[in-house]
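> Return atomic coordinates for the entry below.
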Amino acid sequence: MKILYKIILSALFICQPGITYAQLAIRPGTVLPELELKSSLKSPVRNGNNTDFPTYIDNSLSPYFPAIINQHGGSCAQASGVHYLFTYEMNRVLEREVASNPKENTFSYRYTWNFLNEGKDNGSHASDGVNLILHHGCVTAADYGDEDEYVYRWVTGYSKYYNAMHYKVTKASSVNLKERSGIEKLMQYMIDKGDGHPGGGIASFSLTGNWDKTNYDGPSEAGIEYIMVPRGSGGSHAMTLIGYDLSVEFDCDNDGKIDDDEKGAFIFVNSWGTWWATGGKAYMPFSGFTRELGDGGFYKYDSHAEVLCIETAYHEPTLTMEINMTYDSRNDLTLSIGVADGIQENTPKYAVYPVIVKAQGGDLRMQGTNFDSGKTIEMGFDISELKSKADEMKAPCWFFTVYKTQLGKNGTGKVNKIAIHDYSSGQDNVISQTFIKSNTIQVGSNKYKLPTKEWYMDNKGNWFKVVMTPANKYVSNSDYLKKFEWNKIYGIRKANGGYAKIKFTDYNPQTGKVKFSVNNYEYK
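Modelled structure (predicted):
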């Protein structure tokens, strides 16, 4: 009964016309570079039996490959692009086995999916998840943790985001399978990726059509008993190509004979659990890609004939921003992080825009839960690309800007804390600012400033540092006083971390004293 229930759900999922473009490996219109290989092998077609190609490859048997899963809802693109593709490629780079620590060595597809699904059971694109990981890294299954199946949760906890920053995509590329040359290129990629590193590559792919598997009892080295057949147009579903089998023969056009191009098939893994097909795997004939629908090919648009391949690397962030904020309608918000020279600046000179909070996530609390505690979230962002810019500045002043629109309800909330973490010395050097007073996020641009040094620059380009003494309202004469513009209001940072406005008047060069007045305030 349980298996029948899953089959019914799967059939409903594939046949829904509303998801036709929701589950593609590569977003339509996205231009990715063609996959390049550093070396080449002898083609099994051009060189006959004189070939370097093994007759059978299945990279899901590699220790780098994670367990086959039964995806949650319409998350197949992220299950393919993150759980299978990114996990495999990251473990391959690190040369570590999934089995040695399954939770730590597998990456969470729900982490990327919940940033991309608008807080609903919507589809997504594998390439969008890959882009997210390129900028922010990916959370492990251990850090993401278990959750209620119906919660579209965003992770909270700076340490989890910091851990994620170490695991990144460095490059994405594609292979067009409409031509036999593309099929052979992907086959070689599956053998050795053309780089001589142990293990070959795998790829994310999506198939359009009311497709289904059928029993297969022909020649087979992999021992797989099911093969995909074309069923016309319909919804899209993302899967993962993990190998090939040259022994497979399948009469795709039902003409009673096996043509040369009807020999050979890719092996793919689905994300519907091991109960589906042969342990979660099936064949996908080469001819399905090169032929048109009426001639035994799969129904596809141009982007559907492309597969997504990635390169990954372990990354050490040198500069990050930690934020803590409370808000109850996360799709209202877009963030930016920037830096300028001196606290007198009101606009960052350089800025980055996190792709994980960009007017998305649905009309939900920040963590996506139904509890008030879910309004508050702690996140971390890798801003290492701004470090060289900040290092050139005399007094880097950091900006955290929250842009608020009203895409859902009129959400309310505030920023609680921002902090800069500098890891360049090998230690975690932190500069932080806590916003204790009311700072409710308003519609429009909300800026929060975090200065790192008590240096200011006047409008003539002169730098100065204000020195205050608690004994009286006078300061000793010094060369820097000669650079002040009298009766002009300056901003200063106090010893307790707060801020004040200060105006200097009545400088007496004979006594070497100057009068000043102070008003406490906070930067917004």
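
> quick one: the helices in the stretch 201-350 of the chain?
For the stretch 201-350 of the chain, the helices identified by DSSP state H, counting those that start in this stretch occupy 287-290, in order along the chain.

> Report the residue spans of it with pLDDT below the cut-off.
For the stretch 201-350 of the chain, applying pLDDT under 70 flags the ranges 209-211, 230-235, 299-305.

> 80 instead, please
The model of the stretch 201-350 of the chain has pLDDT under 80 over residues 208-212, 230-235, 293-294, 296-305.

> what about the strands in it?
If DSSP state E, counting those that start in this stretch is used as the criterion, the strands of the stretch 201-350 of the chain fall at 203-208, 212-215, 226-229, 236-249, 263-269, 281-285, 306-314, 319-327, 333-341, 350-352.

> deepest of those strands, which one?
Ranked by average neighbour count under the criterion mean count of other C-beta atoms under 10 Å, the strands of the stretch 201-350 of the chain are headed by strand 203-208 at a mean of 27. C-betas here are computed from N, CA, C, even on glycine.

> From the chain's centroid, how far away is stretch 422-431?
24 Å (C-alpha atoms, centre = their mean, to the nearest Å).

> which residues are in contact with that stretch?
Contacts made with stretch 422-431 from outside it, assessed by C-beta atoms under 8 Å, 6 or more residues apart in numbering, are listed as E316, P317, T318, L319, T320, K387, A419, I420, H421, L450, T452.

> Hmm, the fifth one is touching A164, no?
Pointing back at T320 there. No - in terms of C-beta atoms under 8 Å, T320 does not count as a neighbour of A164; the distance is 10.9 Å.

> re the thing from before, out of the strands of the stretch 201-350 of the chain, flag the one nearest F53.
The closest approach between F53 and any of the strands of the stretch 201-350 of the chain, judged by C-beta to C-beta, belongs to strand 236-249 at 7.3 Å.

> CA atoms only: put that closest one into PDB for me.
Written as PDB, here are the backbone C-alpha positions of strand 236-249 (Å, rounded to 0.1, in the frame of the first residue of the first chain):
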ATOM      1  CA  SER A 236      10.000  18.700 -15.900                       C
ATOM      2  CA  HIS A 237      12.000  16.600 -13.500                       C
ATOM      3  CA  ALA A 238      15.600  16.900 -12.500                       C
ATOM      4  CA  MET A 239      17.800  13.800 -12.100                       C
ATOM      5  CA  THR A 240      21.500  13.000 -11.900                       C
ATOM      6  CA  LEU A 241      23.600  11.300 -14.600                       C
ATOM      7  CA  ILE A 242      26.100   9.100 -12.800                       C
ATOM      8  CA  GLY A 243      27.500   6.800 -15.500                       C
ATOM      9  CA  TYR A 244      26.900   4.900 -18.700                       C
ATOM     10  CA  ASP A 245      26.600   1.300 -20.100                       C
ATOM     11  CA  LEU A 246      27.700   0.700 -23.700                       C
ATOM     12  CA  SER A 247      26.200  -2.800 -23.800                       C
ATOM     13  CA  VAL A 248      22.600  -1.500 -23.600                       C
ATOM     14  CA  GLU A 249      20.500  -1.900 -26.800                       C
END
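
> just the strands in the stretch 351-500 of the chain please.
Ranges of strands within the stretch 351-500 of the chain are 376-382, 396-404, 413-422, 429-434, 444-451, 456-457, 463-464, 474-475, 489-493, 499-508, based on DSSP E, counting those that start in this stretch.

> about what we covered before: got the strands of the stretch 201-350 of the chain as TSV, with distance to D458 columns?
Formatted as TSV, the entries for the strands of the stretch 201-350 of the chain read as follows, by distance: least, C-beta to C-beta, whole Å:
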stretch	distance to D458
strand 203-208	55
strand 212-215	73
strand 226-229	70
strand 236-249	57
strand 263-269	64
strand 281-285	68
strand 306-314	44
strand 319-327	28
strand 333-341	13
strand 350-352	22
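
> closest to K409 out of those?
If you check each of the strands of the stretch 201-350 of the chain against K409 by C-beta to C-beta, strand 319-327 wins as the nearest, at 11.3 Å.

> Tell me which residues are up against that closest one.
Residues external to strand 319-327 that are found in contact with it (C-beta under 8 Å, 6+ apart): 158, 162, 165, 333, 335, 337, 365-366, 375-384, 386-387, 390, 398, 400, 402, 411-424, 432, 441.

> Select only the buried ones of those in PyMOL?
Selecting the buried subset of these in PyMOL, with 16 or more other C-beta atoms under 10 Å as the burial test, is done by:
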select buried, resi 158+162+165+333+335+337+365+366+375+376+377+378+379+380+381+382+383+384+386+387+390+398+400+402+411+413+414+415+416+417+418+419+420+421+422+423+441
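
> quick one: R27 and G218, what's the gap?
Between R27 and G218 the distance, using C-beta to C-beta, to the nearest Å, works out to 36 Å.

> Grab the two from the contacts of stretch 422-431 that are most spread out in space.
For the contacts of stretch 422-431, the farthest-apart pair by C-beta to C-beta is E316 and L450; their separation is 22.8 Å.
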